[in-house]
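> compute the structure for the input listed below.
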Amino acid sequence: MDVFGAIKGRRSIRKFKKDPVENEKLNKIIEAGIWAPSAGNLQSWEVVVVKEPELKEKLAAAAYLREFISQAPIVLVICANKRVCSSIYDKRGSELYCIQDAACAGENMLLAAHALGLGSCWIGAFDEELVCEIINIPDLLRPLALFPLGYPDEKPYPPPRDDMGEFVHQEKFH
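Sure, this is the predicted structure:
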């Protein structure tokens, strides 16, 4: 699959088969995150791999009862590492760059999952403090997204997209 095929073909998957995700595929997905661009190549993000059913159920509840999260074989919790980036870039590193780094890594992981025949969904709506409590995330990290991950049991249609002319500006904002 070429990169443009992966970008246009990836969908948010909310129904998963019960089949387990092979460790080899999981490792390739995480490795794709490692190769994402990051501020100063600091790679200021971390990921928690959650497979335990009870923890997945608690994460689903923390995500405002999105039950499909607990149905996925794996939930990846993508976290920004505020301390790593602030060590070089001070406040801008802890408030922005680490979030950008984690987002870049996360998108790489979503595309890699799709290319490997897996599905996922970027979940950003959740009780952050509760997620930290459930999986023991330390203060220096901030959970940014939950990625339920598994083999898709649905094939959603592509959503409509705006035309480039709606949001692309040349030279100056118009």
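> got a list of what K8 touches?
P158 (C-beta atoms under 8 Å, 6 or more residues apart in numbering). Where C-beta positions appear, they are placed from N, C-alpha and C, glycine not excepted.
> residue nearest the centroid of this structure?
G106 (3.9 Å; C-alpha atoms, centre = their mean).
> so what's that one closest to, chain neighbours aside?
Spatial nearest neighbour of G106, excluding adjacent residues (C-beta to C-beta, 6 or more residues apart in numbering): I78 at 4.7 Å.
> contacting residues for that neighbour?
Contacts of I78 (C-beta under 8 Å, 6+ apart): W45, V47, A102, A105, G106, M109, P143, L144, A145, L146, F147.
> return the closest of these with respect to D2.
M109 (18.0 Å; C-beta to C-beta).
> so for the closest one, what's the nearest residue that isn't a sequence neighbour?
G33 (4.6 Å).
> which SS state does the nearest residue to A62 once chain neighbours are set aside fall under?
Excluding the flanking residues, the one nearest A62 by C-beta to C-beta, 6+ apart is L130, at 4.2 Å. Under DSSP: H, G, I helix; E, B strand; the rest coil, L130 falls in the helix class.
> isn't L130 right up against Y64?
No. Using C-beta atoms under 8 Å, L130 is not in contact with Y64, being 10.3 Å away.
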